[in-house]
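Asker: Would you be able to build a 3D model of this:
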Amino acid sequence: MYKITQKRNIFFILSIILLIPGILALIFWGLPLSIDFKGGSAIILNFKSERPQIQTISEKLSTLDLGNLTVQSVAEKGISLKLKHIDNETYQKILDNLKSNFGDIEEVSFDAIGPTIGKELRNKAFTAVILVLIFIIIYIAFAFRKVSSGPVHSWVYGVAAVIALIHDILMVIGIFSIISHFLKIEIDILFVTALLTVLGFSVHDTIVVFDRIRERLKLSYNKTFEETVNDSINQTLVRSINTTLTTLFVLLALFLFGGQSIKYFVLALLIGITSGTYSSIFIASPLLVVWDNVRHRKVNI
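Answerer: Numbering: from 1, shown residues only. Okay, the predicted model is just below:
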């Protein structure tokens, strides 16, 4: 049996070491936002013949000095272009460039996303993440209300889960801050979707471990709380790893073969789900032991 809770300080320090580069990158480089959040132009076009490779389209348009340009596939023959605010003259240059290189195309839409709309979307995305964290605390506190008479109150389970979730969010955002600085990518609404997905996956894994702790608290009368938590982690360890590996294999296939349009969305899921499994085992549950130890010290003072 692995002594996970007994070696919790090692895992806490490891998490801090992994988080520091990302936090520093966020402080000094920030997180570059796409037009979804800061405004710009959005163009949707359809090719009359077979759609060229996305990479080829990006290379041909790079001669027009359009700044940070995002090209994504739409349906069977369409593409979506997201870029800075442009006028009709620049828009016409884009059409002429594509027609000269790839033949006839159909103009579907050319829209401008104002900075007000982008700011509103950014605020809603932030609000969505905060509300998810709050409701997770409330839900876990309610679900574990019957263990409030035990070593740790039910709301502490919720707080420990949220700390683990914050760990996962910072891990994903921090790594993407580093990646975006060097690869010149921008964060769009899909990234927020990935974060919310990671929150759901991570808290699910955490609750599985917490539920086992709750069950063992009813049976382990001759064991300390720390031993009970460690036993519970070990009993769910194989299940957690197998579930995560199954998910990661699918995501890895999508990352390698799924196309450019979802590449960074899948990468965010790969990072977040890996971090979520780690935090459920090595962060959330050991935090319950830390809280119990601190509570006992206060009682003995």
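
Asker: Kindly tell me how buried Ala75 is, as a neighbour count.
Answerer: 11 (other C-beta atoms under 10 Å). (Glycine included, C-beta is placed from N, CA and C.)

Asker: Please name the residues that touch it.
Answerer: Asn46 (C-beta atoms under 8 Å, 6 or more residues apart in numbering).

Asker: can you map out the strands along this structure?
Answerer: For the chain, the strands defined by DSSP state E cover 40-47, 70-74, 78-83, 105-113.

Asker: domains for the protein, by residue range?
Answerer: Domain ranges of the chain: 8-34+117-300, 40-113, per automatic domain parsing.

Asker: Surely Tyr264 touches Phe191?
Answerer: Yes: in this structure Tyr264 lies within contact range of Phe191 using C-beta atoms under 8 Å: 7.2 Å.

Asker: Now for the closest residue in space to Ile271 that isn't next to it in sequence: which residues touch it?
Answerer: Spatial nearest neighbour of Ile271, chain neighbours left out: Val172 (5.1 Å); criterion: C-beta to C-beta, 6 or more residues apart in numbering. Remark: with contacts taken as C-beta under 8 Å, 6+ apart, Val172 is in contact with Ala194, Leu195, Val198, Ala268, Ile271, Gly272, Ser275.

Asker: before we move on, back to that, so which of the domains of the chain is nearest Tyr2?
Answerer: For Tyr2, the closest of the domains of the chain is domain 8-34+117-300, at 5.8 Å, according to C-beta to C-beta.

Asker: how far does that closest one sit from the chain's center?
Answerer: Chain-centre distance of domain 8-34+117-300: 10 Å, with C-alpha atoms, centre = their mean, to the nearest Å.

Asker: ok, Tyr264 and Phe191, which is more surrounded?
Answerer: Taking other C-beta under 10 Å, Tyr264 and Phe191 do not tie; Phe191 has more neighbours (24 against 21).
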